[in-house]
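Colleague: Have a look at this prediction, sequence included:
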Amino acid sequence: MDINVIGVPLSYGCDIDGVNFGPKILREYGIIDIIKKNGHNVFDMGDIYVPTLSKELKYRDHPKMKYLNPIIEINTNLANNVYCSLKGSGFPFVIGGDHALGMGSIAGASNFFKDMAVIWVDAHGDINTFETSPSGNLHGVPLAASMNVGDSSVTNIYYNGEKVKPENVYLLGCRDIDSGELALANELNLNMYTMETVGERGLENVLKEIIEKIKESNVDGVHLSFDIDVLDSSLVPGTGTPVPNGFSIDEGKEVFTQLLSEKFITSMDFVELNPVIDNEDKRTVTNCIEILEHIFKNIDK
Ligand SMILES: NC(=[NH2+])NCCC[C@H](N)C(=O)O
Ligand SMILES: [Mn+2]
Ligand SMILES: [Mn+2]
């Protein structure tokens, strides 16, 4: 498999400096060699261009949502890169950067496939609209936008309208959902496996059910978007919106063992690592590298 590593040094979607250094620190810690070492061909496609913007531009494009136009432009570029990677039989592995980049990854991948599923592994739902967002941060809206819910400025990225059908969306590990997000999840009847559900039913059973449903759904592509804040806050101090009661490292690995063994994953995001706010012992980046080693050990050769 030709892995195409695409960096997106984006921080405007969470409005916290430092998460833009995610791609740089992961390269410094050897992500490219880790991929190679596990027997894959790897192409480092470099970083999508992210302009340096002054904070005064934050509300230039919208009174509430921050850095709207630049985030749209960056995602449009990302979408085209993801699409081209798939066209060239590559596996797009997108490293962030904040989760607003999910709109671009999904737009690009969904343009390649007839019908695609999205597995969103995250402490959050990221299904806010401009109306329901409590923060004005665009990393809280990408999954809603991809389902064609929300403002046309974000639902029409790369191409107009729906990128993924709600019935093909799977949320896993969520435990910090805003009230507007919960209402939308119920309205759309999303496949939502909260941390509470995982606790009740067991991770293995939940993963089995997700796999079954995806196989029954006849999609021809599956995008897996991994937000590192799905891991317990004690394991990822270097992320902008940490949440307690999350996955252990072993549970994080288990998610990939199960999902990758099906060989249906066709693209991936790895987001929200902020090395600048990591603690002294570099716990977050070390844990990320451990997860990444596991991913590339298990991904299809
Ligand atoms: N990708 C993330 N870490 N998203 C956190 C979103 C937090 C909150 N729900 C918001 O919309 O502002
Ligand atoms: Mn997220
Ligand atoms: Mn999150």
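Modeller: Right, received. Where do you want to start? In this text the structure is predicted, and so the values were computed from the model without any measurement. Ligands and ions are numbered 1, 2, ... in the order given.
Colleague: how much distance is there from stretch 158-165 to the middle of the chain?
Modeller: 17 Å (Cα atoms, centre = their mean, to the nearest Å).
Colleague: outside of that stretch, which residues touch it?
Modeller: Outside stretch 158-165, the residues that touch it by Cβ atoms under 8 Å, 6 or more residues apart in numbering are 75-76, 79-80, 83, 104, 106-108, 110-111, 115-118, 146-148, 155, 223. Every C-beta, even on glycine, is put in place using the N, C-alpha and C of the backbone.
Colleague: Which residue of this protein lies farthest from its centroid?
Modeller: Distance from the centre of the chain peaks at E56, with 27.5 Å (Cα atoms, centre = their mean).
Colleague: Over to it: give its phi and psi.
Modeller: When read as degrees, to the nearest 10, the backbone of E56 gives phi -60, psi -20.
Colleague: can you start the count at 360 instead of 1 from here on
Modeller: That works, and once the first residue is 360, the last one we named lands at E415.
Colleague: Just give the closest residue to H483, not the sequence neighbours.
Modeller: In space, and not counting its chain neighbours, H483 is closest to D535: 5.4 Å by Cβ to Cβ, 6 or more residues apart in numbering.
Colleague: Show the pLDDT at that neighbour.
Modeller: On pLDDT, D535 comes in at 98.
Colleague: what's near enough to touch it?
Modeller: Per Cβ under 8 Å, 6+ apart, neighbours of D535: 482-483, 600, 602.
Colleague: distance of the residue farthest from the centre of the chain from G597?
Modeller: Counting by Cβ to Cβ, to the nearest Å, the gap from E415 to G597 is 28 Å.
Colleague: Quickly find the element holding the residue nearest to N397 when sequence neighbours are not counted.
Modeller: Spatial nearest neighbour of N397, excluding adjacent residues (Cβ to Cβ, 6+ apart): F655 at 4.2 Å. Element membership for F655 (DSSP states H and E) is helix 642-657.
Colleague: So which bits of that helix are buried?
Modeller: For helix 642-657, the buried set under the neighbour-count rule, 16 or more other Cβ atoms under 10 Å, comprises 643-644, 646-648, 650-655.
Colleague: do the same with stretch 465-477
Modeller: 465-472, 475-477.
Colleague: what does it rub up against?
Modeller: Contacts for stretch 465-477 (Cβ under 8 Å, 6+ apart): 434-435, 437-442, 444-446, 451, 501-502, 505, 516-518, 522-524, 527-529, 573, 576-584, 625-626.
Colleague: can you tell me which of those are in helices?
Modeller: Counting by DSSP state H, the part of those found in helices is 434-435, 437-442, 444-446, 501-502, 505, 573, 576.
Colleague: Among the buried residues of stretch 465-477, which lie within helices?
Modeller: Reading helices off the buried residues of stretch 465-477 with DSSP H, I get 465-471.
Colleague: need those in JSON lines with distance to T488, can you?
Modeller: What follows is these, written out as JSON lines (distance: Cβ to Cβ, whole Å):
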{"residue": "I465", "distance to T488": "16"}
{"residue": "A466", "distance to T488": "17"}
{"residue": "G467", "distance to T488": "22"}
{"residue": "A468", "distance to T488": "22"}
{"residue": "S469", "distance to T488": "19"}
{"residue": "N470", "distance to T488": "23"}
{"residue": "F471", "distance to T488": "26"}
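Colleague: how about the residues of the stretch 560-660 of the chain that lie near ligand 1?
Modeller: Residues of the stretch 560-660 of the chain found near ligand 1 (Cβ under 6 Å from any ligand atom) are 586, 588, 600, 631.
Colleague: Shouldn't N363 be within a strand?
Modeller: Yes. Per DSSP: H, G, I helix; E, B strand; the rest coil, N363 lies within a strand segment.
Colleague: That one reaches I454, doesn't it?
Modeller: No. Between N363 and I454 there is no contact under Cβ atoms under 8 Å: 11.0 Å.
Colleague: Just give the nearest non-adjacent residue to the most centrally placed residue in the chain, would you?
Modeller: Centroid-nearest residue in the chain, with Cα atoms, centre = their mean: S584, separated by 3.3 Å. Distances taken as Cβ to Cβ, 6+ apart put D628 closest to S584, at 4.3 Å, once the chain neighbours are dropped.
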